[in-house]
Every structure is written in structure tokens, then in C-alpha cells.
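**Student:** okay, sequence plus prediction incoming.
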Amino acid sequence: MRISGRRGKWVVVAAWVLLIVAAAPLAGRLGGAADNDEENWLPAGAESTRALALAEREFPADRTSELVVVYARPGGVTAADRAAAERDRVELARLAEGPAAAPRPSPDGEALLTAVPVASSVLEDSGRVRHLVGRARGIVADGLPRGLDAATAGAAASRADASAANGRMSGALVAVTVAVVALLMLVTYRSPLLPLVPLAGIAAGAVVAQAAAYLLAAHAGVTVSGTGEFLLTVLVFGVGTDYALLLVSRYREELGREADRHAAMARALRRSAGTIAASTATVALASLALLLAGMNSTSGLGPVIAVGAGAAMAVMLTLLPALLVVLGRPVFWPRVPRPGAGPTRPVGVWTAVAALVGRAPRRTALVSAVALAGLAAGLTVLNPGDLTGADNYTRTPPFAVGQRLVDEHFPAGSTAPAEMYAPTGSARQVADAARGVRGVASVSAAGVSASGAWARMTVVLDDGPSTHAARTAIGRLRAAAHRADGRTVVGGAAATALDTGRAMSHDLKVVSPVVLLVIAAVLGCLLRAAVAPLVLLGAVLLSTGAAAGVSALVFRAAGFPHTDRSVLTLGLLFMVAFGVDYTIFLMGRAREEAARRGHRAGVLHALAATGEVITSAGTVLAATFLVFTVSPVVLNIQLGVLVAAGVLVDALIVRSLLVPALALAAGPRLWWPFRPGRGGR
């Protein structure tokens with residue numbers, strides 16, 4: 001049975017309807033299955049992760065974080081200020097369902113600090129923590145004495161503000177993504193009806209992908225975070241659009257040759273399925289390289305991305321062809337391809353580009369490579385780091401205002417003390433060693449485990465948990481504590497930031513070469529050649545460097561202090577995996593044409609024939625990721641800009657100029673050891 005056959009098309013449509021009906025309820029559960037537990041955002045095996053596991057095992061009742069309320073009055077707090085803070089403490093303790101110590105005065109007498117314990121179960125539930133912090137801010141603002149400043153800080157406030165920022169944007173980002181894709185497809189197809197068909201298929205693919213991701217999370221132990229859930233949707237829309245543009249373009253060509261639309265679609269599928277499958281394999285296998293990442297949140301994205309790519313391929317190779325054949329030629333109105341008119345001629349501008357490349361391939365390759373190297377020079381201003389605290393927002397969030405007040409009047413680490421766990425027999429020696437560490441403001445005993453084996457201590461640092469100074473102090477603290485007893489573990493916010501930074505650096509170094517090797521292997525299998533993958537891999541490296549250089553300049557102009565290392569890891573994956581799609585589209589067509597026309601004519605015809613569709617696909621995919629720039633979260637903005645830059649550089653320069661020029665300069669030896677055909681240089 002053929003997918004596009006007279007009977008097969010109806011079977012395919014019916015099968016997808018049943019699949020969507022079955023998948024929709026599972027897709028709706030993905031949000032509930034998204035696991036935002038703190039441990040899933042930590043590096044696997046790091047000391048901060050071990051500290052969290054020990055706390056869960058030995059101190060389950062003490063698993064709390066703090067909501068910090070700080071009050072400040074220049075010149076000194078008054079009796080009325082202290083009374084207001086005490087009143088708030090009682091209400092806040094009732095709200096958090098836990099005890100809260102009396103407001104603590106600052107050494108300069110100008111501030112008070114109240115720390116309210118918040119259960120970890122609340123902190124890990126985005127809805128509950130937002131509700132609690134919102135209520136707390138209302139309590140503090142109600143009846144605040146004139147002239148007294150008050151703000152919230154600490155882990156609970158930080159988590160609530162982060163959740164609110166992402167929560168406000170997630171629905172809006174998906175809506176804007178759909179609108180952008182629909183608009184660009186309308187412009188590309190120049191038909192009011194045709195874009196609706198791929199969009200319907202992409203929506204079906206998104207539902208199936210979400211259902212599959214839910215099953216992985218529920219039954220296969222795969223961690224699906226809120227970020228992964230959103231990326232999955234964007235991925236299916238972006239990749240699905242690429243595949244749709246490629247297939248529809250080939251189908252339109254075949255309709256110019258064939259009177260029977262079923263035969264035209266069958267031929268279009270035969271000629272594009274291999275390319276689409278190779279593209280999917282590239283994205284899926286490259287994403288599975290994330291399983292090597294040390295960050296739990298990063299490694300969990302691998303299977304999710306692979307599922308999204310697979311769903312996009314499945315829907316574009318089955319449902320989309322069936323729908324197009326069912327709807328017939330009128331779906332292309334007003335530019336309906338007529339049988340017997342011959343294949344659609346390449347767009348004039350791309351015929352001109354092909355002629356330009358053909359006249360001077362070596363010069364074109366050299367100029368393109370120099371231009372890309374020039375763009376890559378922007379890497380000199382790239383500042384890899386960790387986006388923590390207020391640095392990760394385009395506007396100062398409320399918790400950062402509170403942290404600033406704490407910094408002015410208390411040891412900055414008061415909002416998120418480090419947690420130290422030592423065997424009870426050596427707890428005193430460990431505490432004494434910790435007190436002598438530069439950067440440690442105080443060490444306090446916080447309890448003994450029910451088993452009596454472990455002692456818990458809180459360590460207040462001189463600096464805030466998101467600062468470089470605090471991470472440096474954690475390194476010194478660990479060294480001193482380990483000398484006192486090697487079994488001691490140190491965790492907490494600053495320790496997590498230190499371990500996360502190290503893990504992200506590791507991930508960038510490990511994942512990147514694996515992704516490149518996967519892409520080289522896929523290109524080798526697709527093109528059945530040994531030389532071509534090496535040439536194309538060099539082009540990929542130049543493209544990636546150029547995109548990263550341009551992005552670094554944009555980030556510097558935007559005033560972002562660092563480029564997050566997790567952005568670099570994910571950005572490299574997406575840039576390379578998506579960007580190489582266009583090389584696959586071009587070179588797959590070039591090999592096909594070379595077998596009929598000879599190497600030179602085949603490459604130039606492939607460039608002219610695929611120019612419009614690849615440029616359109618690149619524009620749509622870049623615009624999809626640029627939607628991220630409306631987010632208030634800097635990490636999202638950086639990822640969107642980096643991937644969009646990579647896709648555009650690849651579609652407009654690498655695929656249009658560098659790769660075909662290199663292919664012509666290399667000659668037929670590019671296909672060694674299995675040439676697709678003879679003749680023609």
C-alpha cells in the first residue's frame with residue numbers, strides 16, 4: 001500500500017486521526033509530568049547533588065529553603081518598624097506553616113531581616129511557590145510604615161520570580177511561534193490555502209511528540225523539564241516546517257511532469273524521503289549526545305529532542321503527503337501547477353547565484369571562507385559564564401531588589417546559607433575549620449540526623465550566592481572541611497552554582513566533538529562518500545564560528561555580562577544539527593543530479609533548484625527561534641539569537657556559496673569512493 005495511493009491516502013488520514021485521538025489526553029499530561037525537582041537541575045555526581053541526596057535521606061523534616069524579608073530605613077529602624085516586622089513574621093509563619101525566628105537587626109541598626117522556612121515540596125511546585133510569595137509580598141506591603149523600605153529575597157522569592165517570568169511567556173511564545181510560521185509560510189507559498197495543510201500536520205506532530213515525551217517521563221525515567229516541554233513544541237514547528245517546504249517543493253516539481261497527482265507524490269516522496277530521514281537522523285543522533293552531559297537538566301533534553309524530530313519526520317512523510325493528495329491541485333491556488341507544463345524552473349535569482357559560483361568556484365569559496373572567518377572574529381568578545389541571579393533577567397526582578405538591601409546591611413550570604421554535613425564525631429572539628437575560611441561570616445549548628453550519624457550546619461558567606469566571590473569561598477570551604485573529615489559534603493546555592501559552572505564547561509567540551517562526529521557519520525552514509533563529509537564538516541565549523549561571533553557581538557551590544565555555557569552547548573547542537581539540514585538538502589539533490597548530468601552541472605542545478613526552498617526554510621526556522629527574544633529571560637534570548645544566527649549563516653552563505661563552491665573546486669573526487677555518475681566537470 002502506498003501512502004499517496006488512491007486508497008492508501010485515506011488509510012493514512014484515518015490512522016492519524018485515531019492516533020491523535022489517543023495521543024491528545026497523554027499530551028495534556030506532559031505539563032504535570034514535567035519534573036522540576038531541584039536535583040534534576042544539578043550536575044550528576046557533584047558534591048552539591050550528593051549533599052541534597054544526603055539531606056533527603058538523613059534530614060527529611062529539615063528540607064526547607066527560606067523566604068527572606070528585609071526591612072531598611074536610612075538612619076536606623078524605629079520601634080514602629082520593629083513592631084511591623086514582628087506582625088509580619090507572625091502572619092508569614094502562619095502562611096508558610098512553619099516557625100520563623102524573630103526579626104534580626106543588622107549591625108548598622110538600619111535594617112531588619114526575617115527568614116521564613118519554606119518546605120522544599122512548595123519550592124518545587126511552581127504554582128504553589130508563586131502563590132506563597134505573592135501572598136507574602138502582600139502581607140509585607142500592607143501597613144508598611146512610611147519611609148520603611150521592604151523587599152523579599154532568598155530561594156523562594158527567586159524561584160517564584162523565575163517561574164512567573166517563564167510562565168507568563170511560555171503560552172505567548174508558542175502563540176507567537178505559530179503566528180510567525182503561518183505568516184512566513186503564507187509568504188513562501190503565496191497561497192492562502194496551502195500553508196494550512198503543513199500547519200495541520202505540524203500540529204498533529206506536536207501532539208504526538210508531547211504524548212511520546214509524557215510516556216518517556218512516566219515510564220522510562222526520562223527527565224522532562226518545563227524548558228524541555230517548550231523546546232519540544234518549538235522544535236516540531238521549526239523542523240516540521242523545513243521538511244514540509246522540501247516535500248511540497250518536490251511535489252510541485254513533479255506535478256509539472258505528471259498528470260496523476262498520486263504518481264507525482266509517490267515520485268516526490270522517493271526523491272525527498274532519504275534526505276528528510278538523513279536530516280532527522282542528524283538531529284536525533286546529535287541530540288542523544290546530550291546524554292553524555294553532566295547536567296541532569298541538559299542530559300534529559302536529548303531523548304525529548306530526538307522524539308520531536310522523529311514526530312516531525314513521521315508526520316511530514318505520511319500525513320502531509322496524504323492530505324496534499326486528498327486535496328488535489330486546487331490547494332496550490334492561485335499558482336496551480338499544470339500537468340505537462342514541465343518541472344518548475346529554478347527562481348531567476350538562484351540561477352544567477354549558480355552561474356556566479358560556477359564561473360569562479362575557488363574565488364567564491366575563498367571569499368566566503370574569509371567572510372565567515374571575519375564574522376568569527378567576534379568570538380574575541382565572547383564571555384562564557386553563568387547567568388545567575390539578576391543577570392538572567394532583562395529587568396531587575398523583585399528578589400534582586402531584596403538581595404541588594406541584604407547586601408547593604410547584612411552578610412550577603414544570609415539569604416541562602418551554604419549547607420554543610422559532617423559525621424557527628426568530627427562535626428566540631430569541621431565547624432572550627434570552616435570558621436577559619438576566608439569568606440565565611442558564620443557557622444551554626446542546625447541539628448543531628450535521626451540516625452545520629454550526621455550533623456548539619458549552616459554556613460553564612462560574606463557574599464551573595466550568585467557571585468564569583470561566593471563560589472570561590474565554597475572552594476576554600478570544601479578544601480578546609482575535607483581536610484578535617486573527608487566525608488564532609490558542602491551544598492547550598494553557592495555550591496550548586498560552582499558545581500553547575502564546572503559541569504557546563506565539561507558538557508561543552510564533551511558534547512561538541514560527539515555532535516560533530518555524528519554529523520560526519522550521517523553525511524557519509526547519506527552521500528556514500530568519504531571526502532564530502534570532511535569538506536562539509538569544515539564548512540560546518542566555519543559556519544558555527546561565524547554565528548557564535550555574530551552572536552557574541554549582539555550580546556555585548558545588548559549589555560549581557562556573560563554568555564551562559566549551557567546556551568553554548570545547546571546552541572552548538574541546534575546550530576549544527578539544523579544548519580547541516582540545508583547542506584543535506586543541497587548535497588542530496590546534487591548527488592541525484594550528478595548521476596544524470598555529471599558532477600559540475602549536477603551541483604549547479606541542485607543549487608538553483610533548492611535555493612528558494614532552503615532560503616525559505618532557513619528564514620522560517622530562524623524566525624521561530626528569534627521568537628525567544630521576546631522573553632524576559634536572558635538565557636532564552638541568547639539561545640534564540642545564537643540558533644537564528646547559525647541557521648541564517650548556514651542557509652544564506654554556507655549552503656548558497658561556500659559548499660557548492662567547494663564541491664565544484666573538489667571536482668568528482670568529492671564523491672570518492674563511489675561516484676554518482678560520469679561526465680561533466
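**Tutor:** That came in fine, so what should we check first? Residues are numbered from 1 along each chain as shown.
**Student:** now for this structure, the helix or strand with the poorest mean pLDDT.
**Tutor:** Within the chain, judged by mean pLDDT, DSSP states H and E, the helix or strand with the poorest mean is helix 30-33; its value is a mean of 69.
**Student:** after it, heading C-terminal, what element do we hit next?
**Tutor:** helix 47-58 (DSSP states H and E).
**Student:** mind giving me the packing neighbours of that next one?
**Tutor:** Helix 47-58 makes packing contacts with strand 418-423, strand 454-461, strand 489-491, helix 493-527 when contacts are defined by 3 or more C-beta pairs under 8 Å, 6 or more residues apart in numbering; DSSP states H and E. Glycine gets a C-beta too; all of them are placed from N, C-alpha and C.
**Student:** send me that helix as PDB with only the CA atoms.
**Tutor:** Listed in PDB are the C-alpha atoms of helix 47-58, where the atom choice follows Å, rounded to 0.1, in the frame of the first residue of the first chain:
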ATOM      1  CA  GLU A  47      29.100  17.400  45.700                       C
ATOM      2  CA  SER A  48      26.100  19.700  45.900                       C
ATOM      3  CA  THR A  49      24.000  16.900  44.400                       C
ATOM      4  CA  ARG A  50      25.300  14.500  47.000                       C
ATOM      5  CA  ALA A  51      24.600  17.000  49.700                       C
ATOM      6  CA  LEU A  52      21.000  17.200  48.500                       C
ATOM      7  CA  ALA A  53      20.600  13.500  48.500                       C
ATOM      8  CA  LEU A  54      22.100  13.200  52.000                       C
ATOM      9  CA  ALA A  55      19.700  15.900  53.200                       C
ATOM     10  CA  GLU A  56      16.700  14.000  51.800                       C
ATOM     11  CA  ARG A  57      17.900  10.800  53.400                       C
ATOM     12  CA  GLU A  58      19.100  12.000  56.800                       C
END
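**Student:** show me the contacts for the residue nearest to Ser656 when sequence neighbours are not counted.
**Tutor:** Using C-beta to C-beta, 6 or more residues apart in numbering and skipping the chain neighbours, the partner closest in space to Ser656 is Val353 (6.1 Å). Val353 makes contact with Leu607, Ala608, Gly611, Ser656, Leu657, according to C-beta atoms under 8 Å, 6 or more residues apart in numbering.
**Student:** which one among these gets closest to Met587?
**Tutor:** Proximity of the contacts of Val353 to Met587 was ranked by C-beta to C-beta; the top entry is Leu607 with 10.3 Å.
**Student:** now do whatever helix or strand Gly618 lives in: distance to the chain's middle.
**Tutor:** Under the assignment given by DSSP H and E, the secondary-structure element containing Gly618 is helix 599-626. The chain centroid and the centroid of helix 599-626 are separated by 25 Å under C-alpha atoms, centre = their mean, to the nearest Å.
**Student:** report the backbone C-alpha coordinates of the following helix or strand past that helix in PDB.
**Tutor:** Beyond helix 599-626 in the direction of the C-terminus, DSSP H and E gives the next helix or strand as helix 634-649. In PDB, the C-alpha atoms belonging to helix 634-649 read as follows (Å, rounded to 0.1, in the frame of the first residue of the first chain):
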ATOM      1  CA  VAL A 634      18.400  36.400  29.100                       C
ATOM      2  CA  LEU A 635      19.200  32.700  28.700                       C
ATOM      3  CA  ASN A 636      16.200  32.200  26.300                       C
ATOM      4  CA  ILE A 637      17.200  35.400  24.400                       C
ATOM      5  CA  GLN A 638      20.800  34.200  24.000                       C
ATOM      6  CA  LEU A 639      19.700  30.700  22.800                       C
ATOM      7  CA  GLY A 640      17.300  32.200  20.300                       C
ATOM      8  CA  VAL A 641      19.800  34.700  18.800                       C
ATOM      9  CA  LEU A 642      22.600  32.100  18.600                       C
ATOM     10  CA  VAL A 643      20.500  29.500  16.800                       C
ATOM     11  CA  ALA A 644      18.900  32.000  14.500                       C
ATOM     12  CA  ALA A 645      22.300  33.400  13.600                       C
ATOM     13  CA  GLY A 646      23.600  29.900  12.900                       C
ATOM     14  CA  VAL A 647      20.700  29.000  10.700                       C
ATOM     15  CA  LEU A 648      20.800  32.200   8.700                       C
ATOM     16  CA  VAL A 649      24.600  32.000   8.200                       C
END
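**Student:** who does the residue lying closest to Asp149 once chain neighbours are set aside form a beta bridge with?
**Tutor:** For Asp149, ignoring the flanking residues on the chain, the nearest one in space by C-beta to C-beta, 6+ apart is Ala72 at 4.7 Å. With beta bridges defined as DSSP bridges, Ala72 has these partners: Ala111, Asp149.
**Student:** so what's Ala72 up against?
**Tutor:** For Ala72, counting by C-beta under 8 Å, 6+ apart, the contacting residues are Glu110, Ala111, Leu112, Leu148, Asp149, Ala150, Leu405, Glu408, His409.
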